[in-house]
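Novice: Attaching a predicted model along with its sequence, questions to come.
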Amino acid sequence: MQLEFDAPLFQTMFQRRTRRFPQGGKLPSNRAGLRYASAEQPLALSEIETALLCFAAAGVTGVTAEEIRHLLGHLTVTGRTCGSPCASLTMNLFFSNDQGVYYYRGYRAKEAVPQERVRLKDPGDRARILEDFRMGTVKLKDGRIDIPRSAIGSAFESLVNLPGTTLFIPIADTTREYINLLFTGLAQFRWRFWDEVEDRPAGVGRWIDNGFLHGPRMTIAQYDAMLPWLCNLEAGMSMQNMALAATAMGLGSFLMHTIDLPTVMRALGMRFEKRREGSFPQATDNPVGIDGVLEGFCPPYRSLEQAVDEIAALKWGPEGIYGKKGYDLPRPGFYDSITDIVKAYCTYVYETYGRFPKYADAMFVPILAQIHHLDLGFYQTLLPEYLNDADRRHVSEWHGEPKS
């Protein structure tokens, strides 16, 4: 199938449904008359199908729109197919098929602010989708991700992570936006960070005392609650894009929370930092990253001071988006104070409670998506209303094979 494939957006939305039954699937029990065993052999997604789906979820389209070059807000200027709060790009896309487990990193510009604002203007530019996929996908290991069947919800155990299917796993790095949002919030609102348990300033007392922090009180619990919501938002938009792309292509899609997510993270090789002795009673082991692949802005990969310095450098460092090689904006006089406050607050949270963030996890899986080839026999026999022309033509158009 050529990369100039296209489909009307509204027609695709009209037809989008969660369609879970793949080639090779089986419903062993008679659930409201839907007992069925596939007569088809599993058919894996092709390279170009996988590339288009990854692009739909996290493909780089150019530079974010520049109506406002916010003083301290953005962390990057990378524009992707789905929105990202502050362009922080907290959502990292992994996937697994019969060949292996992969990390889709996509295109990464060398410049702080690329001169090419729009990367896909003409149909000929779409070749970049496949180029980005080939250059920006890292294979982590051979073979399908090993998720025990017992870890999958019983309602869908016989349909998920089967041969031929592709499981997409977005991982949210909350630490990246956690630190970035501190810069933004402090610059705009001068939050007075407060430890709601100890009823005292959360490492920022001297800035409260000297009047620099004069805004509303922000407790650790209040601040921590923002991050999962922001990261869920980004991953949700990304997976909706993928589901729409799958529908347009004539594929089945299944967005789910029906798997034990910590088990999924461990199967990917996620490091869990053990609950520290003497930490607060509600503390749990903290998933902090995948060694050498995706490492959180927190211990053990970085001290909190190092993490804050790295985020600050992405903004105002020599290579940063507001620095000399970026927009070259005047550095605000209060920037050093903001940086010191962020370091003090983050260090206080970690040293006092033994994990960072305190209440949220450093990394988490907000949602999963499975994309697969539909078993036409199942739908033609039992649910014909949920098939369309794109589904019926898919194998012949995308794989060059007639469908019986």
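Specialist: That came in fine, so what should we check first? Numbers count the residues shown, from 1 in each chain.

Novice: can you pull the contacts of residue 287?
Specialist: 262, 265, 270-273, 361-364 (C-beta atoms under 8 Å, 6 or more residues apart in numbering). Heads up, the C-betas are built off the backbone N, CA and C, glycines and all.

Novice: Output these as JSON lines; include the columns distance to residue 350.
Specialist: Shown next, in JSON lines, are the contacts of residue 287 (distance: C-beta to C-beta, whole Å):
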{"residue": "262", "distance to residue 350": "21"}
{"residue": "265", "distance to residue 350": "21"}
{"residue": "270", "distance to residue 350": "19"}
{"residue": "271", "distance to residue 350": "16"}
{"residue": "272", "distance to residue 350": "16"}
{"residue": "273", "distance to residue 350": "11"}
{"residue": "361", "distance to residue 350": "14"}
{"residue": "362", "distance to residue 350": "11"}
{"residue": "363", "distance to residue 350": "16"}
{"residue": "364", "distance to residue 350": "18"}
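
Novice: What about the residues you listed, which are in helices?
Specialist: Within these, residues falling in helices by DSSP state H are 262, 265.

Novice: for the most centrally placed residue in the chain, which residues make a bridge with it?
Specialist: Nearest to the mean C-alpha position of the chain, counting by C-alpha atoms, centre = their mean, stands residue 91 at 2.3 Å. Counting by DSSP bridges, residue 91 is bridged to residue 172.

Novice: Mind putting the contacts of residue 287 into CSV with distance to residue 313, neighbour count and pLDDT?
Specialist: Listed next are these as CSV, based on distance: C-beta to C-beta, whole Å; neighbours: other C-beta atoms under 10 Å; pLDDT from 0 to 100:
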residue, distance to residue 313, neighbour count, pLDDT
262, 32, 17, 93
265, 28, 21, 96
270, 26, 21, 97
271, 24, 20, 98
272, 28, 17, 97
273, 25, 18, 95
361, 25, 22, 95
362, 20, 28, 96
363, 22, 27, 96
364, 26, 21, 93
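
Novice: Out of the contacts of residue 287, which is nearest to residue 333?
Specialist: Checking the contacts of residue 287 against residue 333 by C-beta to C-beta gives residue 362 as the nearest, at 32.3 Å.

Novice: Can you report the mean pLDDT over the residues of the helix or strand where residue 183 lies?
Specialist: In the assignment (DSSP states H and E), residue 183 maps to helix 174-189. The average pLDDT for helix 174-189 rounds to 93.
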